[in-house]
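Peer 1: Have a look at this prediction, sequence included:
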Amino acid sequence: MAEERASFGSKLGMILATAGGAVGLGNVWRFPYMTGQNGGAAFILIYIGCVLLLGIPCMISEFIIGRHGASNTFRAYSKMSGGKAWKYVGLLGVLTGFLITGYYAVVSGWCLQYIYASVMGELHGDPTAVKTYFDTFATSPVRPIFWTVVILWVTHFVIIHGIRGGIEKASKLLMPTLFVLLLVIVVAACLLPGAEKGISFLLKPDFSKVTHQTFLNALGQSFYSLSIAMGCICTYASYYTRQTNLANSAIQVALVDTFVAILAGLVIFPAAFSVGVNPGSGPSLVFITLPNVFNEAFSGMPVIGWIVSLMFYSLLSLAALTSLISLHEVSTSFFSEELHLSRKTGATIVTVATTIIGAFCSLSLGAVNWLYVGDKTLFDVFDFVTGQIFLPVGGFLTCIFLGWFIPKTVVKDEFTNWGTLRGRFFGVFLFLVRFVCPLAILGIFLHQFNVI
Ligand code: PHE
């Protein structure tokens with residue numbers, strides 16, 4: 001069975017696909033506003049520290065389990081668990097990936113609507129008009145669901161073409177397009193008058209704003225951005241060949257992910273500062289603040305503003321799409337392998353089920369008033385349960401499983417295999433996974449419930 005398993009056809013394709021899974025809305029939308037709220041460059045430095053010391057080791061751990069298991073995340077954990085309950089950690093990863101797919105598709109759909117709105121020039125007007133536009137759209141019953149369905153079926157189309165013909169091929173096309181779009185908009189934003197203030201905010205650290213909260217935010221953001229504990233990394237690694245050097249690959253993926261996040265900052269800060277807007281404004285940043293920023297910054301050259309806006313939302317949609325593909329694959333491989341279905345049938349189950357979840361999440365934002373749990377909308381419940389509970393629990397248990405329970409010889413063999421590093425960093429890796437990562441994850445988990 002292991003021989004028959006599909007694999008990525010090239011190293012570049014494999015890195016682009018995995019980086020595509022990691023690079024998502026988190027990079028372009030969440031990272032800049034977190035940076036804005038947490039002291040700019042100081043936050044970025046702490047973030048890079050979290051990626052190096054915690055994100056990369058966790059990613060390598062998932063790579064090891066995925067490649068060794070060469071199957072969907074649930075079965076990969078089962079194979080290594082020797083009949084013990086650790087397989088449920090794999091199942092949790094699949095469940096997390098599945099649940100996120102639905103609500104992530106809703107926000108991805110918003111990005112498509114904003115491409116359409118940019119083309120039609122609907123994002124013009126004064127700041128209140130832009131806010132009303134977003135509020136009316138996001139709470140309406142039909143349009144957001146329409147776009148959710150569109151993006152999920154595009155994802156479906158890629159997935160049914162398999163690993164090489166679907167995921168790898170799409171990543172090789174979409175990721176370079178994303179880089180080009182990003183670079184062009186970075187240049188456009190940095191050339192705006194007054195852009196220097198934004199650039200220096202991003203590059204000159206202000207440590208006076210750093211608190212312990214900054215560290216926790218940076219850690220949470222790094223895990224979210226690298227798609228840790230969602231099943232995606234483990235699933236993609238199951239398509240890696242024995243020749244893949246896992247440590248190098250994790251470093252490359254983390255580099256691409258961080259680079260894209262910083263470049264996204266180099267669009268948003270210079271543009272926002274040039275018109276005197278606060279970029280730390282939170283989740284509304286890309287759908288309300290930015291259209292206003294683009295309107296004002298390019299008011300003298302509306303055609304450029306039109307092009308920048310179109311390019312920005314296309315870039316955001318591409319980033320969302322490649323992440324959605326990686327999320328979809330987690331559940332598709334699970335259903336098709338565990339229920340012995342064809343890939344197409346497995347994918348159809350996932351697409352239909354996540355469309356339903358997405359539709360309910362979208363409706364909960366205002367179109368109907370009964371989709372609440374306590375005072376949270378269904379949308380927020382999914383976000384909270386997956387991001388705040390499942391992610392830390394899954395990440396913590398994965399570190400404990402790999403660090404303490406999987407035989408060290410197996411871990412070492414996977415880590416050093418084809419390594420140019422020849423296992424020199426194996427001791428450091430194991431130390432981080434055994435002690436530092438679980439403690440740090442426990443820290444964020446307890447802190448968010450105000451226990452510490
Ligand atoms: N890493 C993605 C981002 O930055 C988010 C994501 C999480 C994608 C989990 C897939 C799985 O947006």
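Peer 2: Looks like it came in fine.

Peer 1: ok so residue 435 is a helix residue?
Peer 2: Yes. Under DSSP: H, G, I helix; E, B strand; the rest coil, residue 435 falls within a helix.

Peer 1: Skipping its backbone neighbours, what lies nearest it in space?
Peer 2: Counting by Cβ to Cβ, 6 or more residues apart in numbering, residue 403 is the residue found nearest to residue 435 once chain neighbours are left out, at 7.9 Å. Glycine gets a C-beta too; all of them are placed from N, C-alpha and C.

Peer 1: ok, residue 338 - contacts?
Peer 2: 72, 74-75 (Cβ atoms under 8 Å, 6 or more residues apart in numbering).

Peer 1: ok, back up a step: list the residues that contact the residue nearest to residue 435.
Peer 2: Applying Cβ under 8 Å, 6+ apart, the residues near residue 403 are 61, 430, 433-435, 437-438.

Peer 1: Now list the buried members of these.
Peer 2: Among those, those scoring as buried are 61, 430, 433-434, 437-438 (criterion: 16 or more other Cβ atoms under 10 Å).

Peer 1: before we move on, the earlier item: could you dump the contacts of residue 403 into a markdown table with pLDDT added?
Peer 2: Below are those laid out as a markdown table (pLDDT from 0 to 100):
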| residue | pLDDT |
| --- | --- |
| 61 | 98 |
| 430 | 96 |
| 433 | 98 |
| 434 | 98 |
| 435 | 98 |
| 437 | 97 |
| 438 | 97 |
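
Peer 1: okay, now the residue of the stretch 301-450 of the chain found nearest the ligand: neighbour count?
Peer 2: The nearest approach of the stretch 301-450 of the chain to the ligand comes at residue 323, 3.8 Å away (Cβ to the nearest ligand atom). Residues lying near residue 323 (other Cβ atoms under 10 Å) number 26.

Peer 1: Would you confirm that it contacts residue 101?
Peer 2: No. Judged on Cβ atoms under 8 Å, residue 323 makes no contact with residue 101 at a distance of 9.6 Å.

Peer 1: For residue 265, which residues are in contact?
Peer 2: Here residue 265 is in contact with 31-32, 35, 44, 202 (Cβ under 8 Å, 6+ apart).

Peer 1: In the chain, where's the longest helix?
Peer 2: helix 302-338 (DSSP state H).

Peer 1: Helix or strand next in line after it, which one?
Peer 2: On the C-terminal side of helix 302-338, the closest following helix or strand by DSSP states H and E is helix 343-363.

Peer 1: next one: whatever helix or strand comes next after that next one to chain centre, how far?
Peer 2: On the C-terminal side of helix 343-363, the closest following helix or strand by DSSP H and E is strand 372-373. Its chain's C-alpha centre and that of strand 372-373 lie 25 Å apart, by Cα atoms, centre = their mean, to the nearest Å.

Peer 1: What strands line up against the next helix or strand after strand 372-373, and which way round?
Peer 2: Following strand 372-373 in sequence order, the next helix or strand is strand 376-377 (DSSP H and E). Strand 376-377 has the following sheet partners, assigned by DSSP bridges: strand 372-373 (antiparallel).

Peer 1: Which one of the contacts of residue 265 is nearest to residue 236?
Peer 2: The closest of the contacts of residue 265 to residue 236 turns out to be residue 31 (Cβ to Cβ; 21.5 Å).

Peer 1: Not counting its neighbours along the chain, what's nearest the closest one?
Peer 2: Counting by Cβ to Cβ, 6+ apart, residue 261 is the residue found nearest to residue 31 once chain neighbours are left out, at 4.1 Å.

Peer 1: Please point out which parts of the helix or strand harbouring the one you found sit buried.
Peer 2: Counting by DSSP H and E, the element that carries residue 261 is helix 246-274. For helix 246-274, a neighbour-count test (16+ other Cβ under 10 Å) marks 246-254, 256-258, 260-274 as buried.

Peer 1: contacts with the ligand among those, please.
Peer 2: Subset of those in contact with the ligand: empty, counting by Cβ under 6 Å from any ligand atom.

Peer 1: what about dumping the CA coordinates of stretch 214-222 to CSV?
Peer 2: The C-alpha atoms that make up stretch 214-222 are tabulated as CSV, following Å, rounded to 0.1, in the frame of the first residue of the first chain:
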residue,chain,number,x,y,z
THR,A,214,2.8,40.1,23.1
PHE,A,215,4.6,36.8,23.5
LEU,A,216,1.4,34.9,23.7
ASN,A,217,-0.1,36.7,20.7
ALA,A,218,3.1,36.0,18.7
LEU,A,219,3.0,32.3,19.7
GLY,A,220,-0.6,31.9,18.8
GLN,A,221,-0.2,33.7,15.5
SER,A,222,2.9,31.6,14.6
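
Peer 1: Excluding its own residues, what touches that stretch? List them.
Peer 2: Stretch 214-222 has contacts (Cβ under 8 Å, 6+ apart) with 26, 30-31, 34, 37-39, 42-43, 46-47, 49-51, 54-55, 440-441, 443-444, 447-448.

Peer 1: how about the residues of the stretch 1-150 of the chain near the ligand?
Peer 2: Counting by Cβ under 6 Å from any ligand atom, the stretch 1-150 of the chain comes close to the ligand at 21-22, 24-27, 100.

Peer 1: please redo it, this time with the cut-off set to 5 Å
Peer 2: 22, 24-26 (Cβ under 5 Å from any ligand atom).

Peer 1: Low-confidence ranges, the protein, go.
Peer 2: 1-4, 418-423 (pLDDT under 70).

Peer 1: one more time with 80
Peer 2: 1-4, 278-283, 417-424, 452 (pLDDT under 80).

Peer 1: in it, what residue sits furthest out from the centroid?
Peer 2: Centroid-distance maximum for the chain: residue 300 at 35.1 Å, with Cα atoms, centre = their mean.

Peer 1: where does it land in three-state SS?
Peer 2: Under three-state DSSP, residue 300 falls in the coil class.

Peer 1: Would you check how far apart it and residue 294 are?
Peer 2: 13 Å (Cβ to Cβ, to the nearest Å).

Peer 1: same deal with residue 365?
Peer 2: Distance from residue 365 to residue 294, by Cβ to Cβ: 24 Å.

Peer 1: Which one's more surrounded, these two?
Peer 2: residue 294 (25 against 18).

Peer 1: Spit out the contact partners of that one.
Peer 2: Going by Cβ under 8 Å, 6+ apart, residue 294 touches 123, 271, 305, 308-309, 312.

Peer 1: try residue 327
Peer 2: Applying Cβ under 8 Å, 6+ apart, the residues contacting residue 327 are 21, 97, 100-101, 104, 230-232.

Peer 1: How about residue 42?
Peer 2: Per Cβ under 8 Å, 6+ apart, neighbours of residue 42: 205-207, 209-210, 214.

Peer 1: likewise residue 182?
Peer 2: 260, 263-264, 267, 315.

Peer 1: Okay, and which of the contacts of stretch 214-222 map to helices?
Peer 2: In this view, these that belong to helices under DSSP H are 31, 34, 37, 42-43, 46-47, 49-50, 440-441, 443-444, 447-448.

Peer 1: Ignoring the adjacent residues along the chain, who's closest to residue 275?
Peer 2: The shortest distance from residue 275 to any non-neighbouring residue, by Cβ to Cβ, 6+ apart, is to residue 296 (4.3 Å).
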